[in-house]
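Student: Structure for the following, please:
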Amino acid sequence: MSHPIQATVRNRILASIPAGEFALIAEHLTRIELALGESLHRAGEKIINVFFVESGFISVLTMLSDGQPLEIGLIGSEGVAGVSVILGATNSYSETMCQTGGGAFRMPAAALKDVAARART
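Tutor: Below is the predicted model of the structure:
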């Protein structure tokens, strides 16, 4: 399987990081299609993968005390769903679901933490 080429990615984070760091990340990226309504993370559950959005939008939701969802964030091509793993989180504080269909790069959370630790040295 080929790795993405930095000059062609549409996620702004991946497009703007230094080439050496991109090379470390690229070997762990898998291009996927996201479906409308697809849940990527559930509140309280372990974050297994992070998602670098290329097109479409991911809603970040919290549940109110009456059980109704409240959108607290929107992630597009400028962001990453599940990025809190970099700060040490293991479980998701909210639900993330696809507000639209689109595309993203999926990366195992453990691999992102490993690459971040190596990039800091």
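
Student: ok, Ala19 to Glu33 distance?
Tutor: 27 Å (Cβ to Cβ, to the nearest Å). Every C-beta, even on glycine, is put in place using the N, C-alpha and C of the backbone.

Student: Return stretch 17-28 as PDB; C-alpha atoms alone will do.
Tutor: The C-alpha coordinates for stretch 17-28 follow below in PDB (Å, rounded to 0.1, in the frame of the first residue of the first chain):
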ATOM      1  CA  ILE A  17       3.800  19.900   9.300                       C
ATOM      2  CA  PRO A  18       7.500  19.600   8.600                       C
ATOM      3  CA  ALA A  19       8.300  17.000   5.900                       C
ATOM      4  CA  GLY A  20      10.200  14.800   8.300                       C
ATOM      5  CA  GLU A  21       7.300  14.600  10.700                       C
ATOM      6  CA  PHE A  22       4.900  14.000   7.800                       C
ATOM      7  CA  ALA A  23       7.100  11.000   6.700                       C
ATOM      8  CA  LEU A  24       6.800   9.500  10.200                       C
ATOM      9  CA  ILE A  25       3.000   9.900  10.200                       C
ATOM     10  CA  ALA A  26       2.400   8.900   6.500                       C
ATOM     11  CA  GLU A  27       3.400   5.300   7.100                       C
ATOM     12  CA  HIS A  28       0.400   4.900   9.500                       C
END
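
Student: mean confidence score for it?
Tutor: In this model, stretch 17-28 has an average pLDDT of 95.

Student: Outside of it itself, list whatever touches it.
Tutor: 3-4, 6, 14, 107-108, 111-112, 115, 118-119 (Cβ atoms under 8 Å, 6 or more residues apart in numbering).

Student: Tell me the one of those residues nearest Ser94?
Tutor: Distance to Ser94, by Cβ to Cβ, is smallest for Leu112 among the contacts of stretch 17-28, at 18.1 Å.
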